[in-house]
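**Q** fold the following, please.
(chains A and B)
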Number of protein chains: 2
Amino acid sequence: MDKKLIGVDLGGTTIKFAILTNNGEIQQRWAEDTNILDDGSHIIPDIIKSINHHLNLYHMKPEQFAGIGMGSPGSVNQKDGSVVGAYNLNWRKPVFPRRDIEEGTGIPVFIDNDANVAALGEKWKGAGDNASNVAFATLGTGVGGGIIVNDQIVHGAAGAAGEIGHIIVERHGYRCTCGNNGCLETVASATGIVRVARDLAEEYAGNSSLKRLLDAGEEISAKIVFDLAKKDDPLAVRVINRICDYLGYALANISNTLNPDFVVIGGGVSAAGDLLLNKTTEAFEESAFPSVRTSTKLRLASLGNEAGVIGAASLIVQ
Amino acid sequence: MDKKLIGVDLGGTTIKFAILTNNGEIQQRWAEDTNILDDGSHIIPDIIKSINHHLNLYHMKPEQFAGIGMGSPGSVNQKDGSVVGAYNLNWRKPVFPRRDIEEGTGIPVFIDNDANVAALGEKWKGAGDNASNVAFATLGTGVGGGIIVNDQIVHGAAGAAGEIGHIIVERHGYRCTCGNNGCLETVASATGIVRVARDLAEEYAGNSSLKRLLDAGEEISAKIVFDLAKKDDPLAVRVINRICDYLGYALANISNTLNPDFVVIGGGVSAAGDLLLNKTTEAFEESAFPSVRTSTKLRLASLGNEAGVIGAASLIVQ
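**A** Next up is the predicted model:
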């Protein structure tokens, strides 16, 4: 019988687990809170304990599994399976999840960063239709991404491939946390959308609920901007047009380089749905090379929260 | 004994041939004129005749070769080995070089388009140092490119990957032959450089040899502009700064997506040498994500005309 897979999606607040068939069908799922106390030193032991406990519970043995796949925040070194820079886990020093979890469970471990793993999930079982070439952009607090070429995740020379959020879309644009100006993240992340809304509101004089909210000092969010745009609030429409224009432009330039089968848009902001997709596609089509325009398709992510565990599991079988 | 390789670089005016070791060392080289008469129908028979003639000459047999690799203009279908859209060869209908040359020589044939093949050549034996991830930009009459990721050429969904010349660097820039505006090719090709020179000359009032040449209606070239910039002609310097700024920006955005080990700049314009490389690197560093800036290096191509036959031969062994 084919061996099963374990997918682990390690995040700053929860750790999601799943047991999957080697076709990527989820058979069991559970979650644990992430305990980031004591420099995050409980996290790896907690993962080991939780896996061993659940295997026990389901009367399963390590030999029945082809591996454990894991997505982690931070920067993953593929050579030694270590993780650095996972600040939301309080990991201040390099951590060795691959070595430690293999030791603690007796199951081989495969690890990559969370954006790459989500990209693999959407490629394998989501909007990517298991095509060989998929670019994935995740719009959340920041903008991240994962690039799959010839069925493989692209890591690049120093693991910095897929930094879609730092493609520069406006050369004299807003200052980014990375130190450059005009990165896609400064406008197309949840915080970026709010920033653009505030700026466009300043020069806007017409009738707009969004303008009134901002003038009244209310806290707004990307969701509020999208919701108002769906109700044809003129300022909100203007903001969303601007955001989608930048996003479509960036995705077109990625596609002019890679001609992926699909560009999948995920992350919290993608909950805005068809409005986001349609306007971004319009801008994409304006900037895409003709044969790219007809062969690369933009899509919304379809797996939601499960992209992580599914993509993590795919590390084992790819 | 290891089998040898044959590399064929098919161009609009000459066809270059080489016999190489399986390590990519050229042992023999020769060339034929490209006969594009009669809808280019002589080209494939000429290639077959030339290969068979030279094997005879060198007392070699088809069994001594692992394959023939060929770079062709136009769009190559990897499934059936056909070529379409090679207008400079007068091929108006699909042509089947793989099938026909295999039949005519008794040697397996591998084929890809000329920009991809040049990229593979520079990766294998040139400025790419045989690294796994190399982006190649060729600046000539147009701007082309080839992208190598995880040691494989990227073709994409419809073979349109590597269209680096159609990355948009100026959203309301010059109209491109592709129908879009502001493509890199409109400014960084040999003709693009002249176009930028003419435009900047119009608004330039100072003392400049370039300005005088243009005002006198002299024909200028990209080479003249670079040569004058090397002599500190102020308008020429301004033109080259503008060009390299666009080029560095485009290469940075490619690198923010792919983090290649090397970005190699080739083609006729790259003869401008260090001036081009240094100014482009400056602009690249301004727009590259910090960890990309430190791990992706820009280099000038080093193989010159031999990138084609070497890269073509690499198709056989990759």
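**Q** show me where the stretch 101-250 of chain A has strands.
**A** Under the criterion DSSP state E, counting those that start in this stretch, strands of the stretch 101-250 of chain A are mapped to A:109-113, A:134-139, A:143-149, A:152-153.
**Q** got the residues of the stretch 101-250 of chain A near chain B?
**A** For the stretch 101-250 of chain A, the contact set with chain B under C-beta under 8 Å from any C-beta of the partner chain comprises A:131, A:133, A:135, A:145, A:147, A:149-150, A:152, A:154-164, A:166-168, A:171, A:178-180, A:249. Glycine gets a C-beta too; all of them are placed from N, C-alpha and C.
**Q** of those residues, which belong to helices?
**A** Residues from these lying in helices, with DSSP state H as the criterion: A:Tyr249.
**Q** kindly supply the ChimeraX command isolating those of the residues of the stretch 101-250 of chain A next to chain B that are buried.
**A** If you want just the buried ones from those in ChimeraX, going by 16 or more other C-beta atoms under 10 Å in any protein chain shown, the selection is:
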select /A:133,135,145,147,149,154,155,156,157,159,160,161,162,163,164,166,167,168,178,180,249
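**Q** and the contacts of the helix or strand bottoming out on mean pLDDT in chain A?
**A** Among the secondary structure pieces of chain A, namely its helices and strands, strand A:75-77 has the lowest mean (mean pLDDT, DSSP states H and E), a mean of 91. Contacting residues not belonging to strand A:75-77 are listed as A:Ser82, A:Val83, A:Val84, A:Gly85, A:Ala86, A:Pro94, A:Ile111, A:Asp112, A:Asn113, A:Gly159 [C-beta atoms under 8 Å, 6 or more residues apart in numbering or on different chains].
**Q** go again using 7 Å as the cut-off
**A** Contacts of strand A:75-77 from elsewhere in the structure, counted by C-beta atoms under 7 Å, 6 or more residues apart in numbering or on different chains, are A:Val83, A:Val84, A:Gly85, A:Ile111, A:Asp112, A:Asn113, A:Gly159.
**Q** got it, and stretch A:256-264?
**A** A:122, A:126-129, A:131-137, A:147, A:149, A:251, A:255, A:288-289, A:292, A:295-299, A:301, B:147, B:154, B:156-158, B:160-161, B:163-164, B:166-167, B:254, B:257.
**Q** tell me the strands beside the helix or strand encompassing A:Gly71, with direction?
**A** Under the criterion of DSSP states H and E, A:Gly71 resides in strand A:65-72. Partner strands and pairing direction for strand A:65-72 (DSSP bridges) are strand A:4-10 (parallel), strand A:109-113 (parallel).
**Q** so A:Lys4 makes contact with A:Gln64?
**A** Yes - with contact taken as C-beta atoms under 7 Å, A:Lys4 and A:Gln64 are classed as touching, separated by 5.9 Å.
**Q** ok, the two, which is more surrounded?
**A** When A:Lys4 is set against A:Gln64 and neighbours are counted by other C-beta atoms under 10 Å in any protein chain shown, the residue ahead is A:Lys4, at 19 against 15.
**Q** contacts only, for that one.
**A** If you count contacts by C-beta under 7 Å, 6+ apart, A:Lys4 has them with A:Ile19, A:Leu20, A:Thr21, A:Asn22, A:Gln64, A:Phe65, A:Ala66.
**Q** any figure for the gap between the fourth one and A:Ser50?
**A** Distance, A:Asn22 to A:Ser50, by C-beta to C-beta, to the nearest Å: 22 Å.
**Q** equivalent analysis for the last one, please.
**A** Separation of A:Ala66 from A:Ser50 (C-beta to C-beta): 19 Å.
**Q** how about the residue of the stretch 51-200 of chain A found nearest chain B: what's its closest non-neighbour residue?
**A** Evaluated by C-beta to the nearest C-beta, the stretch 51-200 of chain A has A:Gly156 as its residue closest to chain B, separated by 2.6 Å. Excluding the flanking residues, the one nearest A:Gly156 by C-beta to C-beta, 6 or more residues apart in numbering or on different chains is B:Asn259, at 2.6 Å.
**Q** wait, the residue of the stretch 51-200 of chain A closest to chain B sits on B:Ser132?
**A** No - contact status for A:Gly156 versus B:Ser132: not in contact, 9.0 Å apart, counting by C-beta under 7 Å.
**Q** related to what we said a few turns ago, just the buried ones from the contacts of strand A:75-77?
**A** Among the contacts of strand A:75-77, those classed as buried by neighbour count (16+ other C-beta under 10 Å) are A:Val83, A:Ile111, A:Asp112, A:Asn113, A:Gly159.
**Q** would you mind putting these into a markdown table with pLDDT alongside?
**A** As requested, these are exported to a markdown table (pLDDT from 0 to 100):
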| residue | pLDDT |
| --- | --- |
| A:Val83 | 94 |
| A:Ile111 | 98 |
| A:Asp112 | 97 |
| A:Asn113 | 94 |
| A:Gly159 | 92 |
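**Q** now these as JSON lines including distance to B:Thr186?
**A** What follows is these, written out as JSON lines (distance: C-beta to C-beta, whole Å):
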{"residue": "A:Val83", "distance to B:Thr186": "44"}
{"residue": "A:Ile111", "distance to B:Thr186": "44"}
{"residue": "A:Asp112", "distance to B:Thr186": "38"}
{"residue": "A:Asn113", "distance to B:Thr186": "37"}
{"residue": "A:Gly159", "distance to B:Thr186": "34"}
